[in-house]
Each structure stands twice: as structure tokens, then as C-alpha cells.
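Enquirer: just the structure for this:
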Amino acid sequence: MKKKWFYPLLITTTIGSALVHFFTKVEWIQFTLACTSLLFWAALLGKATESVAHYAGERLGGLLNATFGNAAELIISIFLVKAGLFNLVKASIIGSIIGNLLLVLGLSVFFGGLKYKTQQFNPILAGHNASLMMIAVIGLFIPATFLQGVPHTSVFNVSMIIAAVLIIGYFLWLYFSLVTHRKELSEQETEANPTDHDEDEGPAWSKWVSIFMLALSTIFVAIQSEWIVATVEYVAHVLGWSELFVGAFLIAIIGNAAEHSAAVFLAMKNRIGAAVEIAIGSSLQISLFVAPVLVFIGLLFGQHMNLIFNHYEIAAVAVATFIASSISRDGSTNWYEGVLLLMVYIILGAAFFVVR
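Expert: Next up is the predicted model:
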């Protein structure tokens, strides 16, 4: 980070958040400072991940960015599961999926498209991503449809089976895309879509400094996430917002801050393939790995979280998957397609805000 104001504000908000958390216990101040501090640490996490990605390569770099960008979301969700706030967990999972598919991808495509008339990426990868997102929708739809009225024990057992299948499928996808078919799915630089080397300033830090910054920012993201969870119910009650809206939009936007910054900057450097890998890859990781693994993590805390989502959440993911697949499947984007994604995100946000 080269902005002179960044690190002073990072340190100030972090110290302020710690003082409020340990000494004053004023919930709304704690929530505000923790959210602000988390945004700064998430931005640093995104920068560190981008720097590590420089040494790891484009596709693996995109995966690393999505993985560590989702660290905030996973950590927040773990604390929510521990507290037994399953509705908030599920809402934040849905919010993260649609946030990445619509907001992160939409902003990336829009700002990248303003600078470059048409941006292209691997259409084969886009097709696989679309198919995997449909699997995610199926994984949400089947339990909600077939397990209504079924005894709780049976619901949880089926949820564990589905969760295990999704996790195995996700790791097989990683093996397929990064090992057996790595060449076919890699981004190829062409004359029609050259990478903007003039604007690519290279990594911010050396390899080991980048890894250290990645670890440090992940730790502080975890700390701030726990403090946010401790106050989120109070804030939602005071503002009169539903758990659905708080989880699906407020927590999801905060948790996805790392992806927001990294994906948009990459798209503006004409590295739309990496930006798409972050946005869609992150959604796949949330739906095929993070959500299922929370079912098993809940067992560590004696909590039985199932995979039954309400019809609002399923409809939101289905709509987001449909429009994102429609736009990205041909491997070509422009700024207006970014507008379309953002329009759908705003429509869903308005609907979620009034649902109780």
C-alpha cells in the first residue's frame, strides 16, 4: 500500500476497536470501529494475496486471492455457528455468493470495460464455472425441497452427506483445473487482449514479506470478525434490519472487501481472467467448500447446522447464477454487462431489505 494515510488509519482503527472492545463495551461504537478496521485489514489482505499471486502464477494466484479473501467470511461464519446463529450464517453465505457473482464481478467488468472496450478470458473455464455454479444451486435446492417435515436427525444426516459430496467435488475440481487440465484452462495472452504490462508494477513486497503480510492480515481479520459477531445482533435490532439483510448484504460486503479491491484492480489492468477467477472462484469456494464445511465445524461446538436454506435465499442464488453464467459463458465482457450484474444486485438488495 503506497497511500500515506493507509497505515496510520489501519493502526488507529485497530487500536480504537481494541480499546472499545476491552474497556467500554459500547456495542454500536465497537461494531463501527471493528467494521472499519476489518475493511483496512481486508484491503491489506487483498494486496498481500495479490503479491503472493505474482510468485504463484495467474490461476493459482486467483485461487489464493479467493481463498484468503474468503478467510474473513469463513472466520465470521465459524463464530456465528459457535453462537448458534444459523439463520445469520446462512444469510451471510448466500450474501457472499451473490455478492461475488453480482457485486464483485459486476464492478470488475464495469471498470475494466470502461478502460478496454472488450475484455476476453478462457471460455472453456467460463463454461466449467457455470456448470459448477449450477451444482451449487442444486446443492441448496434439493435439501430445501425434499427435507421439509423430515425429522431433525434425518435432516442433519442428509446435510452431512450432501456437504461431504460437495467438498469432495470441490477438491476434485481443483485437481482437474490445476493439474490434469491446467494447460487447457490457463489464460493465454493474445494480441486482442494483451495484459497491460505498463501498469503492472509487480509485487508490493518480496516473496517472504508477502507471505508474512498475508498471515498477519488474516490473523487481524479473524480478530475483528469475532468482535463484529459479538455486536451484530444488537446493531441489527437497533437499526430495525432483519437478520436476512444484515447477513446477506452487510456482513457479506464487509467479508468480501478483499475480493472487491483485488478483482477490480486486476480488471483495470486488463487481467479480466484473474478478476473472474477471483469473483466466480470465490463463489464456488463458498458454496462448494465453506458452506458444507461449516456443517462439520458445527459438530466441534455441539451445534447441528443443516443445509436447508429458505426460498428467498435459494431464489437469490439461482438468479445470480443465471445472469452471471449468461454474461460470462462466452468468455468476453464489456462495461454494460457489468451494469446488468449490478442492477440485479440492487434489485435483490431492495427485496432483502423489506423481507422479515
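Enquirer: was I right to think residue 310 contacts residue 141?
Expert: No. Judged on Cβ atoms under 8 Å, residue 310 makes no contact with residue 141 at a distance of 11.9 Å. Bear in mind the C-beta positions are built from the backbone N, C-alpha and C, glycine included.
Enquirer: so the nearest residue to residue 227 once chain neighbours are set aside, which state does it fall into?
Expert: Of all residues not flanking residue 227 in the chain, residue 34 sits nearest, at 4.3 Å (Cβ to Cβ, 6 or more residues apart in numbering). Counting by DSSP: H, G, I helix; E, B strand; the rest coil, the backbone at residue 34 sits in helix.
Enquirer: measure residue 34 to residue 207 for me?
Expert: Residue 34 sits 31 Å away from residue 207, taking Cβ to Cβ, to the nearest Å as the criterion.
Enquirer: those two: who's more crowded?
Expert: With neighbours defined as other Cβ atoms under 10 Å, residue 34 and residue 207 compare such that residue 34 has more, 28 against 13.
Enquirer: okay but residue 224 is in contact with residue 38, surely?
Expert: Yes. Using Cβ under 8 Å, residue 224 makes contact with residue 38 at a distance of 4.0 Å.
Enquirer: any weak-confidence spans in the stretch 1-150 of the chain?
Expert: Within the stretch 1-150 of the chain, the stretches with pLDDT under 70 are 1-2, 56-59, 61-62, 65-66, 69, 72.
Enquirer: ok, how many other residues are close to residue 96?
Expert: Residue 96: 33 neighbours (other Cβ under 10 Å).
Enquirer: ugh, wrong one, I meant residue 326
Expert: Residue 326 has 12 neighbours, counted by other Cβ under 10 Å.
Enquirer: so which strand or helix has it?
Expert: For residue 326, the enclosing helix or strand under DSSP states H and E is helix 311-328.
Enquirer: hmm, who's touching that helix?
Expert: The contact list for helix 311-328 (Cβ atoms under 8 Å, 6 or more residues apart in numbering) reads 90-91, 94, 97-98, 101-102, 105, 109, 126, 129-130, 133-134, 136-137, 140-141, 144, 244, 248, 276, 280, 287, 333, 337, 340-341, 344-345, 348, 351-352, 355.
Enquirer: one more pass at 6 Å, please.
Expert: 94, 97-98, 101-102, 126, 130, 133, 137, 140-141, 144, 337, 344, 348, 355 (Cβ atoms under 6 Å, 6 or more residues apart in numbering).
Enquirer: what does stretch 111-125 give?
Expert: For stretch 111-125, contacts defined as Cβ under 6 Å, 6+ apart pick out 185, 187, 193, 264, 267-268, 270, 272-273, 276, 331-335, 338.
Enquirer: one more: stretch 30-44?
Expert: Contacts with stretch 30-44, where a contact means Cβ under 6 Å, 6+ apart, come from 10, 13-14, 16-17, 20-21, 72, 217, 220-221, 224, 227-228, 231, 235, 254, 257-258, 261.
Enquirer: just the ones of these in strands?
Expert: Assigned to strands by DSSP state E, none of the contacts of stretch 30-44 qualify.
Enquirer: helices - which of those residues land there?
Expert: 10, 13-14, 16-17, 72, 217, 220-221, 224, 227-228, 231, 235, 254, 257-258, 261 (DSSP state H).
Enquirer: show me where the stretch 1-150 of the chain has strands.
Expert: Applying DSSP state E, counting those that start in this stretch to the stretch 1-150 of the chain gives strands spanning 119-120.
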